[in-house]
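**Student:** 3D model of this:
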Amino acid sequence: MKINSLQIEIDGIDKEILRNLMEDARKPILQIANKIGISGAAIHQRLRKLEQAGVISGSKCVVNTKVLGYSTMAFVGIYLDKAARNPEAVRELRKIPEVLECHYTTGNWSILIKMICRDNEHLMQLLNTKIQVIEGVSRTETFISLDQQIERQIQL
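**Tutor:** Next up, the predicted model:
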């Protein structure tokens, strides 16, 4: 498989390494090596190649936000009065810790954000005091997620 314009070749072993790490980024390299049937040094070499090519851009710890008291997830479509206001709006959205993702979109909204809140009241407070007051935001459209039914990465 060729990835991106870098034209890096990834083979079945690379895919197996990636599958294992996508399942659990803390899985020991030697455990993966034993499972695949190659040396730990070979795994390290392949990982270095994948990192240098940009296929792997990091690893992360996934925190269960519900356990921390954030029970409301919402998607907010943000209408800007002018597309040119996008950079300043994004700069302000970055200051709101509850905003997890921000996407520049086609269609009616200029921006689509994903955010977590303690509850609906917290969501309303953030909308009224942090988001709708951003210069250039003409209005918002909010969708509350009742349940996340699929969460995954691309399959290799």
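**Student:** in what helix or strand does the one residue sitting closest to the centre of the chain lie?
**Tutor:** Central residue of the chain (C-alpha atoms, centre = their mean): residue 101, 6.5 Å from the mean position. Per DSSP states H and E: residue 101 is located in strand 99-104.
**Student:** hmm, who's touching that strand?
**Tutor:** Defining contact as C-beta atoms under 8 Å, 6 or more residues apart in numbering, one finds that strand 99-104 is touched by 86, 90, 93, 94, 110, 111, 112, 113, 114, 115, 116. (Glycine included, C-beta is placed from N, CA and C.)
**Student:** I'd guessed the last one sits against residue 72; true?
**Tutor:** Yes. Here residue 116 lies in contact with residue 72, judged by C-beta atoms under 8 Å, at a distance of 6.9 Å.
**Student:** now the residue nearest to the centre of the chain: how far from residue 37?
**Tutor:** For residue 101, the distance to residue 37 equals 38 Å [C-beta to C-beta, to the nearest Å].
**Student:** mean confidence for stretch 58-77?
**Tutor:** Mean pLDDT, stretch 58-77: 94.
**Student:** I meant to write stretch 117-131 there.
**Tutor:** Across stretch 117-131, the average pLDDT comes to 98.
**Student:** just stretch 39-52 next, same as before
**Tutor:** When pLDDT is averaged over stretch 39-52, the result is 94.
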